[in-house]
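**Student:** no FASTA, just this:
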Ligand SMILES: [Ca+2]
Ligand SMILES: [Ca+2]
């Protein structure tokens, strides 16, 4: 009789233990699932934010799990709607009844437990080359040479109501010249001070180098501070370099790159 009692007490303790364990771990798992963010940029970049860290999703099995999930879909930085995605060399969009949705332009898809906000911005050709020439000179590069990218994007990255200027410049894949060096730069100008995001200088091997552009300005982690997606397009079929930057404490930090 005494033995039976002991077994019952032991059993009750075990049951309480497992119920408590289920609630603790189960709740944590649920919380983690809710806070996981996925960001798809074009056809070559999938990032996941989990426990405040960014990861690349590359394996086929991980990518398959993204199929038939609902995402907030943007094309050329404009909201297209909420659609299911399916991947086969490129991303295809489907509505709830699995009708295919056509799109043309640059895809950005997001899943997370909040509505993503993208900041609109204007990009134009550089007319005043003061800062472009300054960067070229500082890097011992000729200032009077063919540039294949020479643009400036106007973005209020720190949301203080004053616009910062983001320069993208490169001489990759020139048409009319054969430079000794190929280069790409992305830098920000704020009150005459330059902050570098991306730079690459290499000997010209014909088809190396990449053409940079500011792709999107968004708050991907919902901390009310903007991040920046920068793409550098390589030659032909090579996939583009895609990078996510954060502006923090007066400098740029590369959060993740797809390379
Ligand atoms: Ca600003
Ligand atoms: Ca943010």
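**Tutor:** Looks like it arrived, so ask away. Treat the numbers as computed from the prediction; the structure is a model and nothing was measured. Numbers count the residues shown, from 1 in each chain. Ligands and ions are numbered 1, 2, ... in the order given.
**Student:** For stretch 157-168, buried residues please.
**Tutor:** Neighbour-count burial for stretch 157-168, counted by 16 or more other CB atoms under 10 Å, picks out 157, 164, 165, 166, 167, 168. Placement of C-beta: from N, CA and C, glycine included.
**Student:** Let me know whether that stretch sits next to ligand 2.
**Tutor:** No. Stretch 157-168 is not in contact with ligand 2 by CB under 5 Å from the ion; minimum separation 10.5 Å.
**Student:** Contacts for that stretch next, please.
**Tutor:** 126, 131-132, 135, 149-156, 184-190, 197, 212-214, 217, 225-226, 228, 247 (CB atoms under 8 Å, 6 or more residues apart in numbering).
**Student:** for stretch 232-239, same thing?
**Tutor:** In contact with stretch 232-239 (CB under 8 Å, 6+ apart) are residues 44, 172-173, 184, 198, 200, 207-213, 240-243, 258.
**Student:** Just the buried residues of these.
**Tutor:** 172-173, 184, 198, 200, 209-213, 240-243, 258.
**Student:** Domain ranges for the protein, per the record?
**Tutor:** As given by automatic domain parsing, the domain ranges for the chain are 36-111, 122-257.
**Student:** secondary structure class for the nearest residue to residue 76 once chain neighbours are set aside?
**Tutor:** Among residues not flanking residue 76 along the chain, residue 105 sits closest, at 4.0 Å (CB to CB, 6 or more residues apart in numbering). Under DSSP: H, G, I helix; E, B strand; the rest coil, residue 105 falls in the coil class.
**Student:** phi, psi of residue 136?
**Tutor:** When read as degrees, to the nearest 10, the backbone of residue 136 gives phi -60, psi -40.
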